[in-house]
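Q: Below is the structure, and that's it, no one-letter string:
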């Protein structure tokens, strides 16, 4: 493989993107404009989710009258919360940072004693033993931060006194994550998905580029030169990876200006950009599949939405309010794993080596390489490279 | 084999039930300017595409520069320069950038590429417009640029598929002169055309093709004298009963 040929073809593709106003808009400006408009319009909206998993760490060794079990039962009875018991806070926090659970609740050591004290003298607060239930929330989920605390507060109140709704109880709820860190805005919740969102439109550009080069005879002409299919495809992949990188930098600059400033290490940024680059492989693959089906560049534009829309709605910030069935389907689109990993990295503060991030990275890598391979095989079958 | 730059032996090409080439055989000597003359749809471009390795013949074999086109296409591609019928240039690149792109695809070194780029742009009268984007070129300028792309690597065997279609008379004359120069340099040129005057003026030998069959092959003078006619158009009419341009 001659790098001179690969570089020349890569240069051609990048110049095309930069010099064609329509392509330039579609690739670089449209995602930013759309993201800003979407964020401004719908950023404040929350969404409902049927069941939230709450990790419970029980510090109450006394556990008088099995109070903690009864309390966890009351949480589960809401049908909205699912309880997962952890033996220590560290393990629970690890799972929270990877998005496996939506909240961690620490039941204090004085929990059952506090209940007993209240029930013995419900009208005399001076005899109560106070206890604080700490709650840590998934900062990567707008739904978790908005929906879980009031539900738990309601359960605590009802559990403390089954006969009436007391104005105050000895058991208070402290939302640890919201106290310790600044409140995450709705825009920030959507920011990780915006990187994925921008890259998805490469599908359309790849499909148009291939069909245009086919229509104007450029593809055929290149085939009369010593350029090998490997050199040609390598140049295409490199071009769009480079464009995806520039795109990610522009989107990052835009979201940064809008206030998204994640306090994470450099390795998290490096991994985020790596994920976007790997994700661009699937977009080249889907673009090739589209170019295989489409006879003209006009048809390619329309057909590309067959791949753009599912990736968009199931795997980016647009999917924040997906139904539970749609969430299952979303597991089959690569963009879901990219957004999930970016959310874990930027919002939940997950380590780059955490199992969830590594799983997402593996899923993105395998699926994107597979889609690229299918695209190349299909295109080469119906149109010579 | 060394005497001939191009050999086609009983080549048949079918596209489903359409026979595009029906047992075409000919040989083109090294340094010869060979013309394939025929109306649109006669099989000229199919012949070029097979010789360039873009199409596989249904049967028969083709050799270019002594190499089997099917089995040794990589070696053939190093030897040939192709100017296809469609303009096939990048509209969003400048003229010079298009030339550099193809120079790099042929792996020319920087100095050679620069020298040949400047020389060819000058010869084709495009130096002044070399830094303009091709989308702003006229049709004739695009055709001239397309010819430069085929010649940037100084190929020994050149395929020109209707190179002067859409050119104004002045540009066409410039291209004819340039083809004459290439022939003097010893290049083998395979030219397809439906312009009678082009074939008569330029070609050492002309093959006349119609409905995928080679119906005559000789020098223009011999074809005219043997058939006792005034020009190649009349040769074509004598063989087919039709004018070449009737089917345009």
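A: Nice, thanks for sending it over. Values in this document were obtained by computation on a predicted structure and should not be read as measured data.

Q: Going by neighbour count, which residues in stretch A:8-17 are buried?
A: Residues A:8, A:9, A:10, A:11, A:12, A:13, A:14, A:15, A:16, A:17 are the ones in stretch A:8-17 that count as buried (16 or more other Cβ atoms under 10 Å in any protein chain shown). (C-beta placed from N, C-alpha, C; glycine too.)

Q: Where helices are concerned, which of the residues you listed count?
A: A:8, A:9, A:10, A:11, A:12, A:13, A:14, A:15, A:16, A:17 (DSSP state H).

Q: for these, which one is nearest residue B:214?
A: Closest approach between these and residue B:214, by Cβ to Cβ: residue A:9, at 37.3 Å.

Q: what's near enough to touch the closest one?
A: Residues near residue A:9 by Cβ atoms under 8 Å, 6 or more residues apart in numbering or on different chains: A:222, A:227, A:231, A:232, A:235, A:236, A:239, B:101, B:105.

Q: for residue A:201, same thing?
A: By Cβ under 8 Å, 6+ apart, the contact set of residue A:201 is A:26, A:27, A:30, A:31, A:308.

Q: Among these, give me the pair with the biggest separation.
A: Between any two of the contacts of residue A:201, the greatest separation by Cβ to Cβ is 12.8 Å, found for A:27 and A:308.

Q: Which members of the contacts of residue A:201 are positioned in helices?
A: A:30, A:31, A:308.

Q: Tell me how many other residues crowd residue 4.
A: In the absence of a named chain, chain A is used. By other Cβ atoms under 10 Å in any protein chain shown, the residues close to residue A:4 number 17.

Q: not what I meant, chain B
A: 17.

Q: from memory it sits against residue B:27, does it?
A: Yes: here residue B:4 reaches residue B:27: they are 4.7 Å apart, a contact under Cβ atoms under 8 Å.

Q: Overlap in contacts, the two.
A: Counting by Cβ under 8 Å, 6+ apart, residue B:4 and residue B:27 have no shared contacts at all.

Q: All the strands of chain B, in order from the start?
A: With DSSP state E, the ranges of strands along chain B come out as B:4-15, B:18-29, B:33-37, B:59-64, B:67-68, B:80-83, B:157-161, B:188-193, B:205-210, B:213-218.

Q: For the contacts of residue A:201, which single residue is the most surrounded?
A: Most neighbours among these, by other Cβ under 10 Å: residue A:27, with 24 neighbours.

Q: Read off the pLDDT value for that residue.
A: At residue A:27 the predicted local confidence, pLDDT, stands at 76.

Q: tell me the contacts of residue A:89?
A: A:57, A:104, A:106.

Q: Enumerate the residues of the stretch 151-300 of chain A near chain B.
A: Applying Cβ under 8 Å from any Cβ of the partner chain, we find that the stretch 151-300 of chain A lies next to chain B at A:216, A:217, A:218, A:220, A:221, A:222, A:223, A:224, A:225, A:226, A:227, A:228.

Q: Helices - which of these land there?
A: Filtering these for helices - DSSP H - leaves A:218, A:220, A:221, A:222, A:223.

Q: Now for residue 2, how many residues are close by?
A: Unless you meant another one, I'm taking chain A. Counted with other Cβ under 10 Å, the neighbours of residue A:2 add up to 14.

Q: Switch to chain B, please.
A: The tally of other residues near residue B:2 (other Cβ under 10 Å) stands at 7.

Q: What of residue B:10?
A: Residues within reach of residue B:10, counting by other Cβ under 10 Å, total 13.

Q: how far away is it from residue B:137?
A: Using Cβ to Cβ, to the nearest Å, we find residue B:10 at a distance of 42 Å from residue B:137.

Q: Break chain A down into its structural domains.
A: For chain A, the structural domains run A:3-42+A:185-382, A:52-180, going by automatic domain parsing.

Q: re the thing from before, as JSON lines, the strands of chain B with distance to chain A and mean pLDDT would be great.
A: Listed next are these as JSON lines, based on distance: least, Cβ to the nearest Cβ, whole Å; pLDDT from 0 to 100:
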{"stretch": "strand B:4-15", "distance to chain A": "15", "mean pLDDT": "95"}
{"stretch": "strand B:18-29", "distance to chain A": "16", "mean pLDDT": "95"}
{"stretch": "strand B:33-37", "distance to chain A": "17", "mean pLDDT": "94"}
{"stretch": "strand B:59-64", "distance to chain A": "11", "mean pLDDT": "96"}
{"stretch": "strand B:67-68", "distance to chain A": "13", "mean pLDDT": "95"}
{"stretch": "strand B:80-83", "distance to chain A": "4", "mean pLDDT": "96"}
{"stretch": "strand B:157-161", "distance to chain A": "8", "mean pLDDT": "96"}
{"stretch": "strand B:188-193", "distance to chain A": "13", "mean pLDDT": "94"}
{"stretch": "strand B:205-210", "distance to chain A": "21", "mean pLDDT": "93"}
{"stretch": "strand B:213-218", "distance to chain A": "23", "mean pLDDT": "93"}
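
Q: So for residue A:90, which of those strands sits nearest?
A: In terms of Cβ to Cβ, the element of those nearest to residue A:90 is strand B:80-83, at 67.7 Å.

Q: Name the strands paired with the closest one and say parallel or antiparallel.
A: In the sheet, strand B:80-83 lines up against strand B:157-161 (parallel) (DSSP bridges).

Q: just the angle between the strand it pairs with and strand B:59-64, please?
A: Strand B:157-161 and strand B:59-64 are oriented at 120 degrees to each other (axes from the mean of the first three to the mean of the last three Cα atoms, to 10 degrees).

Q: Return the distance of strand B:157-161 from the chain's centre.
A: Centroid separation for strand B:157-161 versus its chain: 3 Å, with Cα atoms, centre = their mean, to the nearest Å.

Q: Name the surrounding residues that touch that strand.
A: B:5-6, B:44-45, B:48, B:51-52, B:64-65, B:79-85, B:147, B:150-151, B:179, B:182, B:187-192.

Q: These, buried ones only, as a ChimeraX selection?
A: Restricted to buried positions by 16+ other Cβ under 10 Å, the ChimeraX selection for these reads:
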select /B:5,6,44,45,48,51,52,64,65,79,80,81,82,83,84,85,147,150,151,179,182,187,188,189,190,191,192
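
Q: What is the burial count for residue A:374?
A: Neighbours of residue A:374 (other Cβ under 10 Å): 16.

Q: Then the one 10 residues further on?
A: Look at residue A:384: counted by other Cβ under 10 Å, it has 13 neighbours.

Q: same check, this time on residue B:165
A: Residue B:165, neighbours per other Cβ under 10 Å, totals 15.

Q: which residues does it contact?
A: B:85, B:143.

Q: change it to 10 Å
A: Neighbour list for residue B:165: B:85, B:86, B:87, B:139, B:143, B:172, B:193, B:194, B:195 [criterion: Cβ atoms under 10 Å, 6 or more residues apart in numbering or on different chains].

Q: And for the fifth one, nearest residue in space, chain neighbours not counted?
A: In this structure, residue B:143 finds its nearest non-sequential neighbour in residue B:167, 5.4 Å apart by Cβ to Cβ, 6 or more residues apart in numbering or on different chains.

Q: Residue B:128 reaches residue B:96, doesn't it?
A: No: look at residue B:128 against residue B:96 with Cβ atoms under 10 Å: they stay out of range, at 11.4 Å.

Q: Could I get the strands of chain B in a markdown table, plus columns for distance to residue A:367?
A: Below are these laid out as a markdown table (distance: least, Cβ to Cβ, whole Å):
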| stretch | distance to residue A:367 |
| --- | --- |
| strand B:4-15 | 38 |
| strand B:18-29 | 42 |
| strand B:33-37 | 50 |
| strand B:59-64 | 43 |
| strand B:67-68 | 42 |
| strand B:80-83 | 39 |
| strand B:157-161 | 43 |
| strand B:188-193 | 47 |
| strand B:205-210 | 51 |
| strand B:213-218 | 53 |
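
Q: Out of the ones you listed, which is closest to residue A:356?
A: Among those, strand B:80-83 comes nearest to residue A:356, with 53.3 Å by Cβ to Cβ.
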